[in-house]
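Undergrad: A structural model of the following input is requested.
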Amino acid sequence: MIDVARLIDEGRFSSYQQRLVAAAALLIVLDGADNQLLANAIPAMMRDWNLPRSEFATASAAAPFGMILGGLLGGVLGDRIGRSAALLGSVTGFAALTALVAVVDGLTSLTIVRFLAGIGLGGAMPNAAALTAEFVPQRQRPVAVTLTIVCIPVGGVLAGLVSGAVIPGYGWRTLFAAGGVIPLVLAAICFKMLPESPSFLAGVRARWPELRRTLRRMGHDVEDAATFVDPASGGHAARGSIADLFAPSLRRDTLALIGAFGSCLLAIWMAFLWIPAMLTDPAVGFPQPQASFALSLFNFGGVAGALAGALLIQRIGSRVALLTISALAVACALVMARLPLGPDTWNLVAVMFTVSGALLNAVQATMYALAAHVFPTAIRGTGVGATVAVGRVGNVAASYVGSWALTSGGPPLYFQMWAAAMAVVFLCLAAIRRHIGGSRA
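TA: Numbering: from 1, shown residues only. Below is the predicted model of the structure:
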């Protein structure tokens with residue numbers, strides 16, 4: 001019998017596998033862009049509907065709240081029906097609902113549609129992480145998973161740049177219409193080209209012919225009569241039990257990952273949801289295009305930081321790398337709390353948003369690789385999905401915490417909350433036992 005996981009782990013990273021990772025990453029670019037369209041559109045919606053910023057807190061929290069449910073459902077579905085099927089279904093769902101935002105007529109309908117879109121957004125990321133992890137040899141896995149998840153801020157960069165160009169001339173409704181149609185088209189293309197995870201197929205005997213074809217395209221010589229086993233799944237197809245995440249051997253790491261994801265998502269989503277609104281506030285004085293560009297810089301820094309973080313983890317391991325980056329993120333946030341914000345300090349503001357984006361996203365994106373490392377194949381989708389989904393409580397809280405901080409203490413209190421959140425991330429990551437080892441080990 002062929003051990004599929006071992007065959008892939010010890011094999012080469014073929015051009016076919018690289019194309020599969022690129023396809024999964026492209027879908028996450030769309031996920032990241034959709035996540036940040038509303039943040040860029042809020043200033044224009046405030047003007048159109050004659051509403052203050054605080055009125056949008058619940059609508060901003062709706063998608064993150066839906067992502068809690070989506071992460072749980074998406075992870076379990078990925079373990080039961082397949083990573084690829086669950087990923088593409090999630091993308092199709094959030095794309096259709098994003099297009100629907102173009103015709104909403106008030107906060108109530110906006111909140112409902114964004115909540116439903118959040119279910120699809122939450123289901124996409126854990127399945128993309130699990131699918132990528134199972135396409136790639138072990139030695140390249142941390143970088144490959146991070147390359148996929150780092151496409152969230154890549155999408156954010158695109159959302160900021162496109163929003164700055166589209167909203168002033170064509171309005172926010174056009175932005176959401178395009179943001180829904182484009183992912184629908186690309187998802188339809190990926191339905192034809194993105195195969196199922198080999199490790200998942202190994203546990204479903206009826207799909208072994210499909211597995212043989214996939215392995216051959218990866219460059220493995222597999223006979224027609226070959227049989228398969230994936231030891232990580234225990235030799236059977238019973239998958240997706242949330243209770244298994246809290247078995248004695250996994251309980252501590254599961255809880256620590258939930259805390260780390262929750263606190264890091266709180267910090268990052270305070271940025272995603274409120275940077276444009278904070279900078280366009282009359283007391284600060286930045287114009288809409290410049291405020292959207294600041295959010296793009298935060299995301300651009302996140303791309304570079306996440307890639308550097310993944311390479312650092314591959315070299316020295318995740319414990320030292322992630323704890324160091326988290327500590328630097330705390331220090332950077334405290335510096336920003338003392339930073340004067342205004343058009344005359346734009347260059348300094350731009351640099352600090354880029355640096356903070358690099359540090360926060362370096363931690364967030366690489367934690368997906370860490371979670372994929374912690375959980376075995378049989379519960380990998382459930383493990384990544386559940387820890388991220390429960391951590392989305394921080395994502396939801398970011399809407400209210402960000403609004404409260406800006407109303408109560410302005411930008412200084414806002415950045416101090418970043419620092420507090422990243423301090424909790426540091427403590428949670430320190431508690432995890434199953435960190436990724438580095439090549440020097």
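
Undergrad: List the buried residues for the helix or strand hosting A62?
TA: Assigned by DSSP states H and E, A62 belongs to helix 57-81. For helix 57-81, the buried set under the neighbour-count rule, 16 or more other CB atoms under 10 Å, comprises 57-81. For the C-beta atoms, the positions are set from N, CA and C on the backbone; glycine is no exception.

Undergrad: From the contact counts, what lies against that helix?
TA: helix 15-49, helix 83-100, helix 107-135, helix 251-279, helix 380-408 (3 or more CB pairs under 8 Å, 6 or more residues apart in numbering; DSSP states H and E).

Undergrad: which helices and strands sit right next to the longest one?
TA: Right, helix 15-49. Under the contact definition 3+ CB pairs under 8 Å, 6+ apart, helix 15-49 sits against helix 57-81, helix 83-100, helix 107-135, helix 141-149, helix 151-170, helix 172-193, helix 251-279, helix 288-316.

Undergrad: same for the fourth one, what does it pack against?
TA: To tie it back to what came earlier, the one meant is helix 141-149. In terms of contact count using 3+ CB pairs under 8 Å, 6+ apart, helix 141-149 is assigned the packing partners helix 15-49, helix 107-135, helix 288-316, helix 346-374.

Undergrad: can you tell which of the ones you listed is closest to S408?
TA: Closest approach to S408 among those is made by helix 15-49 (19.2 Å; CB to CB).

Undergrad: so for the closest one, what's the average pLDDT?
TA: The average pLDDT within helix 15-49 is 90.

Undergrad: From the chain's centroid, how far away is it?
TA: Chain-centre distance of helix 15-49: 10 Å, with CA atoms, centre = their mean, to the nearest Å.

Undergrad: and what of stretch 11-18?
TA: In terms of CA atoms, centre = their mean, the centre of stretch 11-18 is found 24 Å from the chain centre.

Undergrad: can you pull the buried residues of it?
TA: In terms of neighbour count (16+ other CB under 10 Å), stretch 11-18 has its buried residues at F13, Q17.

Undergrad: Check stretch 37-57 too.
TA: Buried-residue list, stretch 37-57, by 16+ other CB under 10 Å: 37-46, 53, 56-57.

Undergrad: Quick check: which ranges of the stretch 301-441 of the chain have low pLDDT?
TA: Scanning the stretch 301-441 of the chain for pLDDT under 70 picks out 439-441.

Undergrad: As TSV, the helices and strands packed on helix 141-149 with distance to A271 would be great.
TA: TSV is the format used below for the helices and strands packed on helix 141-149 (distance: least, CB to CB, whole Å):
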stretch	distance to A271
helix 15-49	9
helix 107-135	17
helix 288-316	5
helix 346-374	7
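
Undergrad: Out of those helices, flag the one nearest P195.
TA: Proximity to P195, assessed across the helices and strands packed on helix 141-149 by CB to CB, is greatest for helix 15-49 (7.1 Å).

Undergrad: thinking again about what came up before, so which of the helices and strands packed on helix 15-49 gets nearest I242?
TA: Counting by CB to CB, I242 lies closest to helix 57-81 out of these; the figure is 7.3 Å.

Undergrad: Let me know the angle separating that closest one from helix 15-49.
TA: 160 degrees (axes from the mean of the first three to the mean of the last three CA atoms, to 10 degrees).

Undergrad: mean confidence score for helix 57-81?
TA: Helix 57-81 comes out with an average pLDDT of 85.

Undergrad: Find out how far that helix is from the centre of the chain, if you would.
TA: Worked out by CA atoms, centre = their mean, helix 57-81 lies 12 Å from the chain centre.

Undergrad: what angle do it and helix 251-279 make?
TA: 140 degrees.

Undergrad: so which of the helices and strands packed on helix 57-81 is the most packed in?
TA: Stretch with highest mean neighbour count among the helices and strands packed on helix 57-81: helix 107-135 (a mean of 26; mean count of other CB atoms under 10 Å).

Undergrad: for that helix, what is the average pLDDT?
TA: Across helix 107-135, pLDDT averages out at 91.

Undergrad: Let me see the contact set for A304.
TA: A358 (CB atoms under 8 Å, 6 or more residues apart in numbering).

Undergrad: if we can go back for a sec, go through the helices and strands packed on helix 57-81 and name the closest to A206.
TA: helix 83-100 (14.6 Å).

Undergrad: and that closest one, C-alpha only, in CSV?
TA: Listed next in CSV are the C-alpha coordinates belonging to helix 83-100 (Å, rounded to 0.1, in the frame of the first residue of the first chain):
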residue,chain,number,x,y,z
ARG,A,83,-11.0,20.6,0.7
SER,A,84,-11.3,21.7,-2.9
ALA,A,85,-15.1,21.2,-3.0
ALA,A,86,-15.6,23.2,0.3
LEU,A,87,-13.2,25.9,-0.9
LEU,A,88,-14.9,26.5,-4.2
GLY,A,89,-18.3,26.4,-2.7
SER,A,90,-17.3,29.0,-0.2
VAL,A,91,-15.9,31.3,-2.9
THR,A,92,-19.0,31.0,-5.0
GLY,A,93,-21.2,31.9,-2.0
PHE,A,94,-19.3,35.0,-0.8
ALA,A,95,-18.9,36.2,-4.4
ALA,A,96,-22.7,36.1,-5.1
LEU,A,97,-23.5,37.9,-1.9
THR,A,98,-20.8,40.6,-2.4
ALA,A,99,-22.5,41.4,-5.8
LEU,A,100,-25.8,41.7,-3.9
